[in-house]
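[1] just the structure for this:
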Amino acid sequence: MTIELHAFDTPNGRKISVALEEMALPYRVHVVDITRGEQFAPEFLRISPNNKIPAIVDPDGPDGRPISVFESGAILVYLAEKTGLFWPGEPRAHVATMEWLMFQMGGFGPIPGQVHHFIALADEADRRYGLKRFSDETRRLYAVMNGRLADNEFFAGSEITIADFAIIGWAWRHPRHKVDLADYPHVQRWYGQVMARPGVKRGFDVPLRR
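    As a prediction, this is how the structure comes out:
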């Protein structure tokens with residue numbers, strides 16, 4: 001049955017379109033235009049009470065009944081458990097997948113998201129402190145990722161997982177972060193490898209704007 005993806009063209013939205021394509025799950029896109037405040041519509045709040053995209057509705061839930069899931073990390077885990085894909089059974093790889101998924105949800109997302117905010121401010125006085133603080137922290141996070149990928153092909157080890165899908169959504173925005181991936185060669189290698197995957201390409205090509 002077809003999953004409904006409620007999303008917009010953002011890193012968090014792209015995580016899920018990439019995962020759905022990589023998992024070969026049938027889905028239909030419902031664009032939620034956050035530039036027009038559509039995330040506050042009552043019908044969207046019923047499936048995403050925190051008025052954030054993305055959210056999904058799976059008509060074939062765990063007990064055969066429809067289920068809605070919000071928060072991109074929860075959606076990735078739900079889809080991985082549903083399909084058994086990109087969700088290692090080997091305990092150490094499983095733990096690493098969860099670690100790096102949480103790394104993205106708690107750090108490599110909220111922090112560069114602040115860069116997006118401060119870099120867009122017109123007033124230099126308002127912009128300077130916040131931009132420096134969050135730009136410095138964003139670069140530190142890239143360095144953490146670079147260290148991990150120095151000895152691992154993917155974030156959880158030798159196999160791609162949902163942790164990579166979570167992180168690629170934000171690494172995709174590295175030009176907006178004012179980050180040159182050449183400064184982080186292991187991230188650059190991983191980025192090129194992941195973005196070259198047919199499913200990932202399709203996930204980024206899915207229209208998430210009207």
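[2] show me where the protein has strands.
    For the chain, applying DSSP state E gives strands covering 3-7, 27-31, 55-58, 67-70.
[3] for these, give me JSON lines that also has mean pLDDT and mean neighbour count.
    All C-beta atoms are positioned from the backbone trio N, CA, C, and that covers glycine. Compiled in JSON lines, the strands of the chain are given as follows (pLDDT from 0 to 100; neighbours: other CB atoms under 10 Å):
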{"stretch": "strand 3-7", "mean pLDDT": "98", "mean neighbour count": "22"}
{"stretch": "strand 27-31", "mean pLDDT": "98", "mean neighbour count": "17"}
{"stretch": "strand 55-58", "mean pLDDT": "98", "mean neighbour count": "23"}
{"stretch": "strand 67-70", "mean pLDDT": "98", "mean neighbour count": "18"}
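[4] so for residue 173, which of these sits nearest?
    Checking these against residue 173 by CB to CB gives strand 3-7 as the closest, at 15.4 Å.
[5] got the angle for that closest one vs strand 27-31?
    Put simply, strand 3-7 runs at 30 degrees to strand 27-31, going by axes from the mean of the first three to the mean of the last three CA atoms, to 10 degrees.
[6] neighbouring strands - and their directions - for strand 3-7?
    With DSSP bridges as the test, strand 3-7 is paired with strand 27-31 (parallel), strand 55-58 (antiparallel).
[7] nearest to residue 170, of the strands of the chain?
    With CB to CB as the criterion, residue 170 lies closest to strand 3-7 of the strands of the chain, at 14.9 Å.
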